[in-house]
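J.: Structural data only, the sequence is not supplied:
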């Protein structure tokens, strides 16, 4: 596996409008928004930094790495519902990270 970037931070938020306003106040621009009340989501960017906000029951932050050859990681590779593939990786301390191959859809 060649992880070559941090693709984005996934930030699960309880109060979506407040979180959106917070990230915009930091200089992040709204790139896209989808979903509905109770399951709203958005992608915001500032320079090379990207954040995906999603309405969740509990706050959560997950780092999504981008790269290739996910199979080399030894974790199960699964398709996503948005057309990419990913593997969830558990670090020795229990933290979970995601490696995503955004260049393939099989």
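T.: Ah, there it is. These numbers come from a predicted model, not from an experiment.
J.: Now do the helices in this structure.
T.: 16-25 (DSSP state H).
J.: In it, where is pLDDT below threshold?
T.: Along the chain, segments meeting pLDDT under 70 span 1, 102-106.
J.: What segments of it are strands?
T.: Along the chain, counting by DSSP state E, strands occupy 2-13, 29-34, 41-46, 49-55, 60-68, 78-79, 85-90, 96-101.
J.: Quick check: buried residues in the first one?
T.: Taking 16 or more other C-beta atoms under 10 Å as the basis for neighbour counts, the residues of strand 2-13 that come out buried are 3, 7, 8, 10, 11, 12, 13. C-betas here are computed from N, CA, C, even on glycine.
J.: again with stretch 73-93
T.: Under 16+ other C-beta under 10 Å, the buried positions of stretch 73-93 are 75, 77, 84, 85, 86, 87, 89.
J.: who's in contact with the residue nearest to the last one when sequence neighbours are not counted?
T.: So that's residue 89. Using C-beta to C-beta, 6 or more residues apart in numbering and skipping the chain neighbours, the partner closest in space to residue 89 is residue 97 (4.8 Å). Neighbour list for residue 97: 62, 63, 64, 65, 88, 89, 91 [criterion: C-beta atoms under 8 Å, 6 or more residues apart in numbering].
J.: The residues you listed: which two are farthest apart?
T.: 64 and 91 (14.4 Å; C-beta to C-beta).
J.: and stretch 58-72, how far from the chain's centre?
T.: Its chain's average C-alpha position is 7 Å from that of stretch 58-72, according to C-alpha atoms, centre = their mean, to the nearest Å.
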